[in-house]
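1. model the structure of this input:
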Amino acid sequence: HPTHRVMAENHSWRSATANLFRQRLKSYRSRLCLDELSGSLGDLGTLLPLLAACAKLGSMRMGPAFFWMGIFNIVSGLQWDIPMPVQPMKSIAAVAISDGLTPGAFAAAGILTGGIVMLLGLTQSIELANKLMPPCVVAGMQVGLGVKMAAQGCSYWNSFGWLDGVDCKVTALSCLVLALVLMLRTQLPTALVIFTVGLGLTAFDVLRQGSSIQVSMLHLETVVPTSE
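-> Numbering: from 1, shown residues only. Below is the predicted model of the structure:
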């Protein structure tokens, strides 16, 4: 009977979903340790500063970005049991910071990147692309984007005084020394530590000026991809 068949299919789907959740929970419990918790924050060391910088330039809004990033991280974690980072998105953020991208151009870049990655995955041609693309090209792109971001950061140097409140040259030099110490002497996520320090200084400066920190509801909006 068609009704019985539909009921059996629904029961089978629910059973498969429940088994998947049980397997994932068992896997998470067996591997949960301090190293795993630390590793789960490793990618945030570069992601958070890039997102904050893009939001400051108006290329994107942090609320929806964090919301959808969390949703798809949960989905990919449940499906494949491992994190699935997409490194080209960091390159897009680096270009947005150094050259400036409108929200529409930022969305278009993300859609194109996601489409290409999906196509490579569906056709299983990622290994072919890896062979055709010399490592020196990838390294050169990384170095070039890094230099452009460093130059963008240095461009703010002359706009601040040595002791003009929290945003000053002394703070910048202190963060530079702290970053070098963390990179050379520890295994801590340097960018995440520096970002946390900056976040704390920002909150302190806002409160010192008598302003209040407001928390608002998440507002999702549609951005039309553009080429500009």
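2. so which residue is smack in the middle of the chain?
-> Closest to where the C-alpha atoms of the chain average out (C-alpha atoms, centre = their mean) is L47, at 3.3 Å.
3. where does it land in three-state SS?
-> Following DSSP: H, G, I helix; E, B strand; the rest coil, the label given to L47 is helix.
4. roughly how far does it sit from G153?
-> As judged by C-beta to C-beta, to the nearest Å, L47 and G153 stand 17 Å apart. Any C-beta I mention is one placed from the backbone N, CA and C, and that applies to glycine too.
5. local confidence estimate at the residue nearest to the centre of the chain?
-> L47 carries a pLDDT score of 72 in this model.
6. for this structure, what spans make up the helices?
-> Secondary structure of the chain (DSSP state H): helices at 2-31, 34-40, 44-57, 62-80, 88-99, 103-123, 126-132, 135-154, 169-185, 190-208.
7. report the angle between the third one and helix 88-99.
-> For helix 44-57 against helix 88-99, the angle between stretch directions is 40 degrees (axes from the mean of the first three to the mean of the last three C-alpha atoms, to 10 degrees).
8. buried sites along helix 44-57?
-> Residues of helix 44-57 classed as buried: G45, T46, L47, L48, P49, L50, L51, A53, C54, L57 (neighbour count, 16 or more other C-beta atoms under 10 Å).
9. any chance of TSV for these, columns distance to A105?
-> Output for those, formatted as TSV (distance: C-beta to C-beta, whole Å):
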residue	distance to A105
G45	26
T46	21
L47	20
L48	22
P49	21
L50	16
L51	17
A53	16
C54	12
L57	12
